[in-house]
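# Pasted the sequence and its predicted model underneath.
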Amino acid sequence: GSVVCFFFSSRRRHTRYISVTGVQTCALPIFPITVMRFSPATIVSALTFAIVVGALSGWLPARAAARIDPAEAMRPPTPTGVDHTTWVERVWPVTLPMTARVVARNLARNPRRVATTAVGVVLSMVVLVTSMALNDTTGSVIDRQFADVDRRDLSVRLDHPVTDADLVALTSIDEVATAERSIELPVVISSDGVRSEQLLQVFESNTVAHGFREPLPEAGIVLGSVARETLGAALGDSVTMTVPAFDVSVPVIVTGFVAEPIPSVSYTSLSAWTAAGGVAPSTVVLTLHDDSTHAAVRDLLAARDDVVAVTDHRAMIDTIRELMTITVFFVGLMVIFAVMMTIGLLFNAVTVALAERTNEMATLQANGIPRRWIRTTVTAETVVVVLLGLAPGALLGWFVAGRFMAQFDNDSFRFDMVLSRSSLLFAVVLVLVVAVLSEIPALRRVERLDLPAVVRERSV
């Protein structure tokens with residue numbers, strides 16, 4: 001892979017690509033590149049799946065309807081004469097209100113429909129929770145890496161080893177908060193024949209340009225997650241660090257570990273680097289009082305005669321955030337898909353249920369039951385079905401989201417699944433609101449019910 005760096009000199013300013021295997025490369029993390037290709041097999045598979053599922057969805061109920069004896073289908077429902085008390089009424093310690101009993105008994109009429117509708121709600125919740133987790137996780141990874149871990153604003157590479165005078169000159173700039181010596185170069189960490197390619201970053205022990213839970217040890221090396229897992233290293237182990245740029249290999253002691261979103265980066269202190277015979281650093285990392293001044297400071301540093309390269313970490317972070325807007329777009333599509341699926345599912349379920357109970361609703365209205373009560377019971381039935389699917393959907397969505405985000409883990413990034421409470425609450429409230437709204441077209445059937453026509457049909 002390669003990274004883009006901005007190189008400046010006193011005479012000209014230009015952009016060019018450099019290999020990450022160079023001796024003193026730009027202070028940029030290496031990001032995974034995904035090559036998108038059109039796959040006809042994927043399109044064919046999706047179309048085939050949609051056709052098969054659609055055909056089965058129509059064939060199964062059609063087959064069931066075709067098996068009904070026409071004479072039997074024309075007869076009115078025969079009262080069973082048995083107790084219609086539901087298990088909820090039997091288990092509940094007190095007598096349920098009339099509305100609650102009606103809701104329970106209406107749901108008990110067709111348990112298969114209730115179960116399939118609840119399963120649909122579960123699947124909608126899985127899509128919503130997974131989408132919300134994707135958005136929260138990517139945002140958390142970026143915020144953690146570039147706010148808590150990597151705090152550099154600018155990196156300046158000089159044409160000579162950094163001196164104390166250089167640090168004083170850089171910190172004398174009003175916008176600069178700190179200036180520290182630093183080195184960044186690729187290394188190979190090996191132990192017992194197992195090797196791990198790492199990007200080694202060298203900082204001062206008390207650095208503020210990088211967020212460590214504890215100061216960097218004065219000796220040894222702090223391994224990233226990839227090196228730790230690949231080598232199976234433990235504290236106090238001796239490993240070999242090879243610097244390809246200088247063709248040098250030195251034994252070092254493992255003195256710590258870090259778990260960061262970019263797991264292929266290891267660290268050592270400047271004193272440990274110097275003790276191991278490393279070259280004097282020619283790069284200075286800067287933190288600014290105000291991030292918004294990075295462009296002005298960058299241009300100011302570019303005008304210096306001794307500056308070879310300036311890396312603008314703030315600009316890089318802004319670019320990454322812009323690129324990650326595709327995640328928001330994808331999440332939006334998934335939310336729309338989940339909403340449409342919920343609307344279609346609940347609308348069909350409510351419409352069929354009301355069509356089966358047309359005579360009942362007409363009888364209730366003819367006996368003085370207000371339409372408001374009928375609408376309330378129908379809405380309560382839908383909400384109960386939705387509630388049956390919310391908790392399993394949230395749990396299953398949490399599991400699926402974890403497995404989904406794990407597929408993105410690689411040597412360049414680690415995506416530890418994050419799902420905020422606000423996102424989970426948003427998914428729950430959205431499904432409930434959509435459930436209520438999906439009833440509106442079906443409930444109009446109650447408002448438009450023609451009582452005389454229903455009475456005439458029943459008398460035939």
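Now that the structure is in, tell me what you want to look at.

# What segments of the stretch 351-460 of the chain are strands?
Secondary structure of the stretch 351-460 of the chain, counting by DSSP state E, counting those that start in this stretch: no strands present.

# Distance of residue 256 relative to residue 181?
With distances defined as CB to CB, to the nearest Å, the gap from residue 256 to residue 181 amounts to 20 Å. Where you see a C-beta, it was placed from the backbone N, CA and C, and this is true even at glycine.

# More neighbours: these two, which one.
Relative neighbour count places residue 181 above the other of residue 256 and residue 181, with 22 against 17, counting by other CB atoms under 10 Å.

# Let me know whether the more buried one touches residue 284 as I believe.
Yes - Residue 181 sits in contact with residue 284 when judged by CB atoms under 8 Å, with a separation of 6.4 Å.

# Contact partners for the residue nearest the centre of the chain?
In the chain, the C-alpha closest to the average C-alpha coordinate belongs to residue 134, at a distance of 1.2 Å (CA atoms, centre = their mean). Taking CB atoms under 8 Å, 6 or more residues apart in numbering as the criterion, residue 134 is in contact with 327, 330, 331, 401, 404, 405.

# Where is pLDDT lowest across the residues you listed?
Going through the contacts of residue 134 one by one, the lowest pLDDT turns up at residue 327, 81.

# which residues does it contact?
With CB under 8 Å, 6+ apart, residue 327 has these contacts: 134, 135, 138.

# re the thing from before, nearest to residue 260 among the contacts of residue 134?
Compare each of the contacts of residue 134 with residue 260 using CB to CB and the shortest gap goes to residue 405, at 16.2 Å.

# Look up the residues forming beta bridges with residue 180.
Beta-bridge partners for residue 180, by DSSP bridges, are residue 285.

# Number of residues surrounding it?
Residue 180 has 23 neighbours, counted by other CB under 10 Å.

# OK, contacts around it?
Taking CB under 8 Å, 6+ apart, we find residue 180 in contact with 167, 203, 204, 207, 208, 209, 284, 285.

# what do you get if the cut-off is 10 Å, keeping everything else the same?
Residues in contact with residue 180, defined by CB atoms under 10 Å, 6 or more residues apart in numbering, are 152, 162, 167, 170-171, 203-204, 206-210, 270, 281, 283-287.

# Helices along the stretch 51-200 of the chain, start to end?
70-74, 87-91, 98-109, 111-143, 164-171 (DSSP state H, counting those that start in this stretch).

# Of those, flag the one that's most buried.
Ranked by average neighbour count under the criterion mean count of other CB atoms under 10 Å, the helices of the stretch 51-200 of the chain are headed by helix 111-143 at a mean of 20.

# what's the angle from that one to helix 98-109?
What separates the directions of helix 111-143 and helix 98-109 is an angle of 100 degrees, with axes from the mean of the first three to the mean of the last three CA atoms, to 10 degrees.

# roughly how far is helix 111-143 from the heart of the chain?
For helix 111-143, the distance from its own C-alpha centre to the chain's C-alpha centre is 11 Å (CA atoms, centre = their mean, to the nearest Å).

# just stretch 403-411 next, same as before
Its chain's C-alpha centre and that of stretch 403-411 lie 11 Å apart, by CA atoms, centre = their mean.

# Could you do stretch 432-448 as well?
Using CA atoms, centre = their mean, the mean C-alpha position of stretch 432-448 is found 33 Å from that of the whole chain.

# first vs last residue of it, how far apart are they?
Between the start and the finish of stretch 432-448 there is a gap of 25 Å, counting by CA to CA, to the nearest Å.

# Can you point out the buried residues in that stretch?
432, 434, 435, 438, 439, 442, 443, 446 (16 or more other CB atoms under 10 Å).

# how near is residue 350 to residue 258?
For residue 350, the distance to residue 258 under the criterion CB to CB works out to 54 Å.

# Next: residue 193.
For residue 193, the distance to residue 258 under the criterion CB to CB works out to 24 Å.

# now swap in residue 195 and tell me
The gap separating residue 195 from residue 258 is 19 Å, by CB to CB.

# Same question for residue 221.
Applying CB to CB, one obtains 11 Å for the distance of residue 221 from residue 258.

# Can you pick out the residue with more neighbours from those two?
Taking neighbours as other CB under 10 Å, residue 221 and residue 258 compare with residue 221 leading, 27 against 19.

# just checking, that one touches residue 278?
No - taking contact to mean CB atoms under 10 Å, the distance of 11.8 Å between residue 221 and residue 278 leaves them out of contact.

# where do the contact lists of these two overlap?
Common neighbours of residue 221 and residue 278, using CB under 10 Å, 6+ apart, are 200, 241, 268, 272.

# Turn those into TSV, including distance to residue 361, neighbour count and secondary structure.
Compiled in TSV, the shared contacts of residue 221 and residue 278 are given as follows (distance: CB to CB, whole Å; neighbours: other CB atoms under 10 Å; DSSP: H, G, I helix; E, B strand; the rest coil):
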residue	distance to residue 361	neighbour count	secondary structure
200	75	21	strand
241	79	20	strand
268	77	29	strand
272	81	22	helix
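
# any idea which of those is closest to residue 317?
Distances from residue 317 to those, taken by CB to CB, are shortest for residue 200, at 21.7 Å.

# Helices along the stretch 201-350 of the chain, start to end?
Shown for the stretch 201-350 of the chain, the helices assigned by DSSP H, counting those that start in this stretch span residues 225-231, 270-275, 294-302, 313-323, 325-356.

# hmm, back to that, buried ones among the contacts of residue 134?
Burial by neighbour count, 16+ other CB under 10 Å: within these this picks out 327, 331, 401, 404, 405.

# Make CSV out of the residues you listed and add distance to residue 43.
As requested, the buried ones among the contacts of residue 134 are arranged in CSV below (distance: CB to CB, whole Å):
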residue, distance to residue 43
327, 23
331, 23
401, 26
404, 22
405, 26
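
# quick one: which of these is nearest to residue 215?
Sorting those by how near they are to residue 215, with CB to CB, puts residue 405 at the top with 31.7 Å.

# Would you mind confirming that the closest one is in contact with residue 131?
No - proximity of residue 405 to residue 131 does not meet the contact threshold set by CB under 10 Å, at 11.6 Å.

# which sections of the stretch 1-150 of the chain are below the confidence cut-off?
Per-residue confidence for the stretch 1-150 of the chain (pLDDT under 70) gives these ranges: 1-36, 72-84, 87-89, 91-94.
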